[in-house]
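J.: below are the sequence and a predicted model; questions follow.
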Amino acid sequence: MRKIIRIGLSLVLAVLLTLGLVAPALATNPTVSITVTAQVVSITNSQASWPIGIVIVDATKYFASDVDIEDKDYSTVTNTGSVAVDIAIQGTDIEGGSYDWAISATGVAASETYGLNATAGNGTGAYSTIVKKTPFNNLTTALAAKATWGWSMLFKAPTAFNANDDGAQKTSTLTLVASKT
């Protein structure tokens, strides 16, 4: 019986020593919690195209529900990212058919050159932002994350078309670029 008690005590002592050695080892290992948030710069625009249609010399068209009627906030940019952004705008020459039209660097139309201006936004109606090839021009600044901003454009047809223009459809691309404020 003594032998059994001795073996039992030895086992109990071994378990206690094991627990005593493991418990302090676990308690001395600190942990670090890591929290991170991605900086996402992303925007969307409510209008993906602008079908102006047929224009005559010196025509003025609005980026609106009816291209002949001014609509100060026809399109909406949404900051879908996680940080405030500045939004810039750039256009290209209109190409197609036998003659292309250059985009004006001043926003004013000329012979075979069209003008494109954007609103200052959110109902102001001032088409003060010139849309040109380079550099990009600021459209709005510090648009908060998840916020929206209304804007529109004014198209000015060239003051003269090339006499040999075939009247074919022409296209251009407008680019909105977001950058962290």
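T.: It's in. Residues are numbered from 1 along each chain as shown.

J.: return the distance of the one helix or strand Ala88 maps to from the chain's centre.
T.: Under the criterion of DSSP states H and E, Ala88 resides in strand 85-90. Going by Cα atoms, centre = their mean, to the nearest Å, the spacing between the C-alpha centre of strand 85-90 and its chain's C-alpha centre is 8 Å.

J.: centre-most residue in the protein?
T.: Nearest to the mean C-alpha position of the chain, by Cα atoms, centre = their mean, lies Ile43 at 2.6 Å.

J.: beta partners of the nearest residue to that residue once chain neighbours are set aside?
T.: In this structure, Ile43 finds its nearest non-sequential neighbour in Ala178, 4.4 Å apart by Cβ to Cβ, 6 or more residues apart in numbering. Using the backbone N, CA and C atoms, a C-beta is placed for each residue, glycine as well. Beta-bridge partners for Ala178, by DSSP bridges, are Ile87.

J.: one step back: just checking, what packs against the helix or strand following the strand holding Ala88?
T.: In the C-terminal direction, the helix or strand that comes right after strand 85-90 (DSSP H and E) is strand 102-103. Applying 3 or more Cβ pairs under 8 Å, 6 or more residues apart in numbering; DSSP states H and E, we find strand 102-103 packed against strand 113-118.

J.: what does the helix or strand that the strand it packs on is followed by rub up against?
T.: Remark: after strand 113-118, the chain's next helix or strand is strand 129-130, criterion DSSP H and E. Applying Cβ atoms under 8 Å, 6 or more residues apart in numbering, the contact partners of strand 129-130 are 89, 104-107, 116-120, 137-139.

J.: quick check: mean pLDDT across strand 129-130?
T.: Averaged over strand 129-130, pLDDT sits at 94.

J.: coming back round to it: from the contacts of strand 129-130, which is closest to Ser172?
T.: Leu116 (8.4 Å; Cβ to Cβ).

J.: and for the residue lying closest to that closest one once chain neighbours are set aside, the neighbour number?
T.: Distances taken as Cβ to Cβ, 6+ apart place Val131 nearest to Leu116, at 4.0 Å, with adjacent residues excluded. The tally of other residues near Val131 (other Cβ atoms under 10 Å) stands at 25.

J.: for this structure, just list every one of the strands.
T.: Counting by DSSP state E, the chain has strands at residues 43-45, 60-62, 75-79, 85-90, 102-103, 113-118, 129-130, 137-143, 148-151, 153-156, 175-180.
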